[in-house]
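Predicted model follows, preceded by the sequence.
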Amino acid sequence: MPENTFSANNVSENQSEYIKLIAEIMEIRKRGEKPLAYVRTYGCQQNVADSEKIKGMLEKSGFDFVDAPDDADFILFNTCAVREHAEDRVFGNVGALKNLKRRHPQILIALCGCMTEQEHIADRMYRSFPFVNLIFGTHSLHHFPELLYNALVNSKRIVERGNDDKKVYEGYPLKRDGTFKGWLPIMYGCNNFCTYCIVPYVRGRERSREKDIVISEAKQMIENGYKDITLLGQNVNSYGKNLNGDVNFARLIKEIDLIDGDYWLRFMTSHPKDCSKELIDVISDSRHISRHLHLPFQSGSDRILKSMNRHYDRKKYLEIINYAKEKIDGLSLTSDIIVGFPGETYEDFKETLSLIKEVEFTSLYTFIFSPRVGTPAAEMDDPVSSEEKSKWFRELLDVQEEIAAKRCASMVGKTEKVLIEGETGKNNELNGRTSGNIIVELKAPKELIGTFQNVKITNARNWILKGEIVS
Ligand code: SAH
Ligand code: SF4
Ligand code: F3S
């Protein structure tokens, strides 16, 4: 099956009409030889996957893509709202477009993604950036061509958010960023409402894609040479809850694993509250599922986990981790952690430290709590100063650095299957990843990028391994 089909399942067929009309307008409006688009993506893989749809639609309208905004006819920022820092960066970077737009008023500028789904942020964007033509939210993606067309033919600025019709749209044309590593969304939205998190508010209720559609997209990716496929969802373990029939995530991934080929399957993110033993067993018996489990625990303190509305405790978390360690050879574990949640004391934080020492994660994604308007945690008492939180944060990094170094050092001498991904940019070296998602640097010809190689680990520096190809 060709990758760029617009076999509209739900994406209304009239989007194809808008795509044609955009192409005609851009022929006249373009500044150079071809219409050029600059799409910048912030945030998680869900946003990256959305941008691949947007780029697919733009490509159908005749756009080529550029890596910097200067020559672009159309500029789009796909934004992330998960922490204040992410939002600040967007405000800074959009502000910097003002002069470009002054010099070339025909450039069309649009903002989309998770930030724009928040009313107060969409308002602030509208007021702060009069040179932005189009602002649309995550729920408007399925009729992006129509929105872009309207922005091109109307002089009025357009804002559309809160358009959540709870549907799953299929049939997008895709322009994937990678040729051998790719994302495969299996569900959208989130129902968990962790008290700190903005995602359920900006991405809407959890909804899964039909199993057959997911499996056929996986097949298509494997046929097209993808070697590393990541199934995406905010909580993949609740895949299928809104679908008819006997489907769950463990069975979905088990079925994908049956597809022949030389590839790895990954998935993100698992929520510990419903990470099942069935899933661990499936990973353990699989041919293609990577030996990596990203299982965010957020805090080691039961009191804080309760206040975060996470629905598991430390004991349950460790139970599943220990089961996974037992069943999956060479398992690599990673996690997300929030430091300085409202009401967290140093005693609570020490519970987080003790948990990371006990589990020995390969790496951690660590964040200082960032209050998000509209979430319950933003209203909670938060007496600890940001200086104190930063001190705890550094302590956490120090502890983890030692653990990661120890974990990586224990791999020296072993031979690992590695997917060679690209150039490191120094010493003519390439980099790749193990099944456990650990980075390996090695000397090898560039032609090997995108292939699997057996690599003997010769050295470990903090969390990066060095290796050499063995036959
Ligand atoms: N759905 C995923 C996480 C999505 S957000 C899951 O449940 O694991 C990615 C990470 O950002 C979260 O795991 C959390 O550690 C962090 N995060 C989310 N909201 C945050 C906030 N308000 N402040 C700081 N970190 C936050
Ligand atoms: Fe946010 Fe929790 Fe949903 Fe993850 S599971 S996206 S942290 S609300
Ligand atoms: Fe950010 Fe939205 Fe992802 S808030 S983390 S881009 S779902």
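Nice, thanks for sending it over. Ligands and ions are numbered 1, 2, ... in the order given.

doesn't F129 make contact with K101?
No - K101 is beyond contact range of F129, at 9.3 Å (criterion: C-beta atoms under 8 Å). C-betas here are computed from N, CA, C, even on glycine.

and for those two, which residues touch both?
Jointly contacting K101 and F129 under the rule C-beta atoms under 8 Å, 6 or more residues apart in numbering are I109.

which non-adjacent residue is nearest whichever residue of the stretch 251-400 of the chain sits closest to ligand 2?
Scanning the stretch 251-400 of the chain for the residue nearest ligand 2 gives H271, at 5.3 Å (criterion: C-beta to the nearest ligand atom). Nearest in space to H271, with sequence neighbours left out and distances taken as C-beta to C-beta, 6 or more residues apart in numbering, is N235 at 4.2 Å.

Which pLDDT does the model give the one you found?
Per-residue confidence (pLDDT) for N235: 94.

ok, which residues in the stretch 251-400 of the chain are in contact with ligand 1?
Proximity of the stretch 251-400 of the chain to ligand 1 is confined to T269, H271, P296, Q298, D336, I338, F367, F369, S370, R372 under the rule C-beta under 6 Å from any ligand atom.

N163: which of those residues is nearest?
The nearest member of those to N163, counting by C-beta to C-beta, is R372 at 20.9 Å.

and the closest residue to that closest one other than its chain neighbours, how many neighbours?
Distance criterion C-beta to C-beta, 6+ apart; nearest residue to R372, sequence neighbours excluded, is I198 at 4.2 Å. Neighbour count of I198, defined by other C-beta atoms under 10 Å: 24.

and I198, what does it touch?
The contact partners of I198, taken as C-beta under 8 Å, 6+ apart, are A81, V82, C114, Q118, R372, G374, T375.

gap between the lengthiest helix in the chain and the chain center?
What stands out as the longest helix in the chain, according to DSSP state H, is helix 386-409. Chain-centre distance of helix 386-409: 24 Å, with C-alpha atoms, centre = their mean, to the nearest Å.

so how far is the helix or strand following it from its chain's centroid?
Where DSSP states H and E defines the elements, the next helix or strand beyond helix 386-409 is strand 415-423. From the chain centre to the centre of strand 415-423 is a distance of 21 Å (C-alpha atoms, centre = their mean).

what's strand 415-423 packed up against?
Helices and strands in packing contact with strand 415-423 are listed as strand 429-434, strand 439-443, strand 452-461; criterion 3 or more C-beta pairs under 8 Å, 6 or more residues apart in numbering; DSSP states H and E.

Give the buried residues for stretch 69-79.
Using 16 or more other C-beta atoms under 10 Å as the test for burial, stretch 69-79 gives P69, A72, D73, F74, I75, L76, F77, N78, T79.

follow-up on the earlier one: so which of the contacts of I198 comes closest to T138?
The nearest member of the contacts of I198 to T138, counting by C-beta to C-beta, is C114 at 6.1 Å.

List the residues that contact the closest one.
Shown in contact with C114 (C-beta under 8 Å, 6+ apart): G43, N47, T79, C80, A81, V82, T138, I198, V199, V202, R203.

one more time with 6 Å, if that's ok
Taking C-beta atoms under 6 Å, 6 or more residues apart in numbering as the criterion, C114 is in contact with C80, A81, V202.

Can you tell me the SS state at the closest residue to I328 other than its chain neighbours?
Once flanking residues are discounted, I328 sits nearest to S284: 5.1 Å by C-beta to C-beta, 6+ apart. Classification of S284 using DSSP: H, G, I helix; E, B strand; the rest coil returns helix.

So which bits of the helix or strand that contains N99 are buried?
Under the criterion of DSSP H and E, N99 resides in helix 98-103. By neighbour count on 16+ other C-beta under 10 Å, the buried set for helix 98-103 is L100, K101.
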